[in-house]
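[1] Give me a model of this one.
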Amino acid sequence: MTSVVARRDGTGELAGTVCAVLSEVGPGSVVTYGDIARRIGISPRRAGREVSGVPDEVPWWRVVRADGLPAACRGGHAAELLRAEGVPMRNGRVELAQVRHTWHGPLSDTPPVIRADGQGLD
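    Here you go, the predicted structure:
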């Protein structure tokens, strides 16, 4: 059985895929943990764990909860970073309907993902 190990420094096959997916989300846009999960075939909870381990230069702050609440990790700076990018917020939550990123087509230039159960996603 093959298993993907993601390390806190953003290395590992799954971590690399998460970094690539996040790099596709431009300034002023956001995605949810569930969006990432559906994009690469993992659970939203696993997506949250993976996002928490990406390097600081990867736009981790552009990932919000399904209710629009920004991440509280890394000193709680996500809301501040989102506001600096012009992301509209109301009552501390991102206006998802206005700025939610949508992907078109397959993942670009990312390695295939292997789920923890050893099954590929192709």
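
[2] would you list every one of the helices in this structure?
    Ranges of helices within the chain are 13-23, 33-40, 44-52, 78-84, 96-99, based on DSSP state H.

[3] just how off-centre is the third one within its chain?
    When you say that, I think you mean helix 44-52. Computed by CA atoms, centre = their mean, to the nearest Å, the chain-centroid distance of helix 44-52 equals 8 Å.

[4] how many degrees apart are that helix and helix 13-23 in direction?
    In terms of direction (axes from the mean of the first three to the mean of the last three CA atoms, to 10 degrees), helix 44-52 departs from helix 13-23 by 80 degrees.

[5] where are the low-confidence patches of the chain?
    By pLDDT under 70, the weakly predicted segments of the chain are 1-11, 107-122.

[6] contacting residues around stretch 30-45?
    The contact list for stretch 30-45, computed with CB atoms under 8 Å, 6 or more residues apart in numbering, reads 14, 17-18, 21-22, 25, 46-48, 50-51, 62-66, 82, 87, 94, 96, 99-101, 103, 107, 113, 115, 121. Quick note: C-beta positions are derived from backbone N, CA and C, even for glycine.

[7] can you rerun that using 6 Å?
    Identification of contacts with stretch 30-45 by CB atoms under 6 Å, 6 or more residues apart in numbering yields 17, 21, 25, 47-48, 62-64, 66, 94, 99, 101, 113, 121.

[8] before we move on, what about stretch 70-88?
    The contact list for stretch 70-88, computed with CB under 6 Å, 6+ apart, reads 27, 28, 52, 61, 64, 94, 95, 98, 99.
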